[in-house]
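Enquirer: give me the fold of what follows.
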Amino acid sequence: MRLKYAFALLLVMLTFAVKAQQNTIRGQVTENGTSAKMANALVKNTSNNQITLTNDDGLFDIRGLIGHTLIISSPGYVSDTLFVADMAFKNVKMTSLGITLGAVNVRGQRFDPRHEYPQIYQKSKVYVLSPTTWFGKEAKDARRLKKYFEKEVEERHVDSVFTKIYVSSIVPLKGAELENFMSLYRPTYAFIRSNSGASMAVYINDSYKKYMALPPEKRVIPKLTTEPQQ
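Expert: Numbers count the residues shown, from 1 in each chain. Got it, this is the predicted structure:
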């Protein structure tokens, strides 16, 4: 009798595993032109609000179905939108913006990850008597996303203070020169939090003097590229 129950339980588990695989979209994100594997690219399913990050090999798996839409994004790259027409493995090529992360603020200012993705914060919790919260894939992925969100919130705060309008009101730079300057001397979140507006103005002026003292070739920001892996 016990063997019968064990067999039945095994069948149920296999059924759930098969269904999970059928509802999972898998793929890899690489840089267009180099095929370099892109880690920590954000993959969002806008149809069911699922979200994940690529691993060190650029691989991802996310819950979804045919007809869903994925948005893949990474700082310094053009976001890619993918309509899921089938469940085949997806190869996503990301195109570089050609500039460094800080040169252009592309983030929206309103972002509350705890409100938008409460399931991520719930899954990231660790419980002493629950081994899956320590070692399970979902829990580990949730903790990676939580760290990603924390960094994103900090970067958006910097964006909201260190703006083109504000910086250009202090230094006589425009266009590409302004973008290069802002990328080279982008302040950290810690600096923003611990300094007043007056201190920020002084920092920008001092940075401008350093910028102008650089040779012309050092004032240009190289393209953001990822070295192809062997």
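Enquirer: nearest residue to the middle of this structure?
Expert: Geometric centre of the chain, nearest residue: Leu42, 4.3 Å, by C-alpha atoms, centre = their mean.
Enquirer: per-residue pLDDT, the nearest residue to Asn55 once chain neighbours are set aside?
Expert: Counting by C-beta to C-beta, 6 or more residues apart in numbering, Ala39 is the residue found nearest to Asn55 once chain neighbours are left out, at 6.4 Å. For every residue, glycine as well, the C-beta is placed using N, CA and C. Note on Ala39: pLDDT of 93.
Enquirer: and the gap between Ala39 and Lys151?
Expert: Taking C-beta to C-beta, to the nearest Å as the measure, Ala39 falls 14 Å from Lys151.
Enquirer: before we move on, what about Val29?
Expert: 18 Å.
Enquirer: between those two, which is the more surrounded one?
Expert: Val29 (28 against 12; other C-beta atoms under 10 Å).
Enquirer: just to revisit the earlier point, please name the bridge partners of the residue nearest to the centre of the chain.
Expert: Using DSSP bridges, the beta-bridge partners of Leu42 come out as Leu53, Ser73.
Enquirer: go through stretch 26-36 and flag the buried ones.
Expert: Gly27, Gln28, Val29, Thr30, Glu31, Ala36 (16 or more other C-beta atoms under 10 Å).
Enquirer: on that earlier part again, quick check: the residue nearest to the centre of the chain touching Pro75?
Expert: No - Leu42 lies out of contact with Pro75 (C-beta atoms under 8 Å); the separation is 9.3 Å.
Enquirer: biggest strand in the chain, by residue count?
Expert: The residue-count maximum for a strand in the chain (DSSP state E) belongs to strand 24-31.
Enquirer: which residues sit against that one?
Expert: With contacts defined as C-beta atoms under 8 Å, 6 or more residues apart in numbering, strand 24-31 is touched by 36-38, 41, 43, 45, 54, 57-64, 68, 70, 72, 74, 77, 84, 87, 89-94, 96, 225-226.
Enquirer: apply 6 Å and report the result again.
Expert: 37-38, 41, 54, 58-62, 64, 72, 89-92, 94, 226 (C-beta atoms under 6 Å, 6 or more residues apart in numbering).
Enquirer: and stretch 190-201, by the same measure?
Expert: Val158, Val161, Ile170.
Enquirer: now do the closest residue in space to Arg144 that isn't next to it in sequence, the pLDDT please.
Expert: Excluding the flanking residues, the one nearest Arg144 by C-beta to C-beta, 6+ apart is Leu53, at 5.5 Å. Listed pLDDT for Leu53 reads 94.
Enquirer: correct me, but Leu53 touches Met38?
Expert: No - in this structure, Leu53 is not within contact of Met38 by C-beta atoms under 6 Å, at 10.3 Å.
Enquirer: among these two, which residue is more densely surrounded?
Expert: For Leu53 versus Met38, neighbours defined as other C-beta under 10 Å are more numerous around Met38 (21 against 18).
Enquirer: any buried residues in the longest helix along the chain, and which?
Expert: Counting by DSSP state H, the longest helix found in the chain is helix 137-161. For helix 137-161, a neighbour-count test (16+ other C-beta under 10 Å) marks 139, 141-146, 148-149, 155-156, 158-159 as buried.
Enquirer: no more questions from me, cheers.
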